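# I would like to see how this sequence folds:
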Amino acid sequence: MKILDVVLTKSNTGFYYDDQVAMKQKGVTPDGLFYLGEPLTAGFTEIRMPGEAISIQLILENKLVAVGDCAAVQYSGASGRDPLFLAEEYLPFMEEHIKPLLIGEDVSSFKVLAQKYDNLLINGKRIHTAIRYGVTQALLMATALSSGRTAAEVLVAEYELNNKLSVVPVFTQTGDDRYLNADKMILKEVDSLPHALINNVEEKLGLNGEILLDYVGWLKARVIEKRKNPAYKPIFHFDVYGTIGMAFNNDIKKIVDYLELLENAAKPFKVRVEGPVDVGSREKTMLALKAIRALLTKRKLSLEIVVDEWCNNLEDIKYFADHQAGHIIQIKTPDLGGLNNVVEAALYCQEKKMGVYIGGTCNETNISSQVTANVAVAVGADLILAKPGMGVDEGLMIVKNEMVRVVALNNRKF
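Coordinates of the predicted model:
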């Protein structure tokens, strides 16, 4: 089955681009949905900007259309990531350089084409991760459509995976509305919650971590009060964007002392903390996370560390996994470029006994979220992010419904 034509359009994402560097600075304050202050990351004209994507529609010989969305993370340009992805800049580039290459391609094998486009060089340079991400989504769906299979089934076959397809636990994020949105999660018995967006020391963590501790106490009480089923025990997962390290001057002992307080405050619920430190480089952050994990183990604490910052591409993920820096690695799908890298990263983490979290960003689209849900099911991930957006209901619906559909189709014998 070959590609007859390619249609490219500008699309909206489910959230925004945020200048993470600027948002961590003193003096930057929210004003409704806006942020007051000057942007610090290249390409940003405001601290918060509308998210953009580019949709790729591959028209196949059988007249079916395979879709993928080129999307980038909310915090583009931060922690070693590719720069801001704006449709106005990249649409002409894709029309000139990507579209002519795709027309005529045989989509019978996803893996071969994904590796080709993920490693593609234009004018001697590798293309933006968002483009590689969207192109490989469309190619995976094209292979699925041309062969009458789900995308998950294509991956299982081409990567020779043995796991039984099943629905993966879902992790939802509240954004700044961490009380009302937590209620939504409890009402729908989400597997892992609430994210909580702890990205500022003074306003969200507390100079000594007291604000987050108070929130953990509230969340525990809220779950116990409102759950209909006493057996419902979600995992408490907080993304702190390196603020714990900032509050405690990256002192490993003080950080672990604080993490122990979090674990005790949340009992009987299990706790995961994402990105406790960001030490400004990949190596320094890896060493800090490795030391934190070692001390947690020494103290026999059950709290788990989720790796995020500076762990962007396949090479980074292997680096952190090799050094046992953390317990679970977020495979932030848009940052890896090709979906082939997402699959390989998941399999490598499993080999190294690291947890697999198929993450991504609130700044994705319904299309990219559905495709990566297929990836999570295929590799048997430990966790998947509900995406896009920060509204809880929409992202949860898109990701979980797709997984349920895929598993049901796989279980039905044609």
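# which secondary structure elements does the longest strand anywhere in the chain sit against?
Ranked by number of residues, the top strand in the chain under DSSP state E is strand 3-18. With contacts defined as 3 or more Cβ pairs under 8 Å, 6 or more residues apart in numbering; DSSP states H and E, the packing partners of strand 3-18 are strand 48-60, helix 87-97, helix 99-102. Where you see a C-beta, it was placed from the backbone N, CA and C, and this is true even at glycine.
# and whichever helix or strand comes after the last one, what's its mean pLDDT?
On the C-terminal side of helix 99-102, the nearest following helix or strand under DSSP states H and E is helix 110-118. Averaged over helix 110-118, pLDDT sits at 97.
# next, the angle from helix 110-118 to strand 3-18.
Between helix 110-118 and strand 3-18, the angle comes out at 60 degrees (axes from the mean of the first three to the mean of the last three Cα atoms, to 10 degrees).
# can you give the strand pairings for the longest strand of the chain, parallel or anti for each?
strand 48-60 (antiparallel) (DSSP bridges).
# so what pLDDT did residue 30 get?
The model's pLDDT for residue 30 equals 83.
# neighbours of it, just the number please.
15 (other Cβ atoms under 10 Å).
# what about it, which SS state?
strand (DSSP: H, G, I helix; E, B strand; the rest coil).
# equivalent analysis for residue 204, please.
When classified by three-state DSSP, residue 204 comes out as helix.
# can you offset everything so residue one is 8?
Okay, using 8 as the starting number, the last item reads as residue 211.
# which residues does it contact?
203, 204, 205, 218, 219, 250 (Cβ atoms under 8 Å, 6 or more residues apart in numbering).
# farthest-apart pair in those residues, please.
Longest distance between any two of these is 12.3 Å, between 204 and 218; criterion Cβ to Cβ.
# which of the two has more neighbours?
Between residue 204 and residue 218, counted using other Cβ under 10 Å, the more crowded position is residue 204 (20 against 17).
# how far away is that one from residue 310?
19 Å (Cβ to Cβ, to the nearest Å).
# what's the helix or strand for residue 411?
With DSSP H and E as the test, residue 411 turns up in helix 400-418.
# who's in contact with that helix?
With Cβ under 8 Å, 6+ apart as the test, helix 400-418 has contacts from 21, 157-160, 172-175, 177, 179-180, 191, 195, 197, 369, 373, 376-377, 380-381, 383-384, 391-396.
# separate out the buried members of the residues you listed.
Neighbour counting by 16 or more other Cβ atoms under 10 Å classes 21, 157-160, 172, 174-175, 177, 179-180, 191, 197, 369, 373, 376-377, 380-381, 383-384, 391-396 among those as buried.
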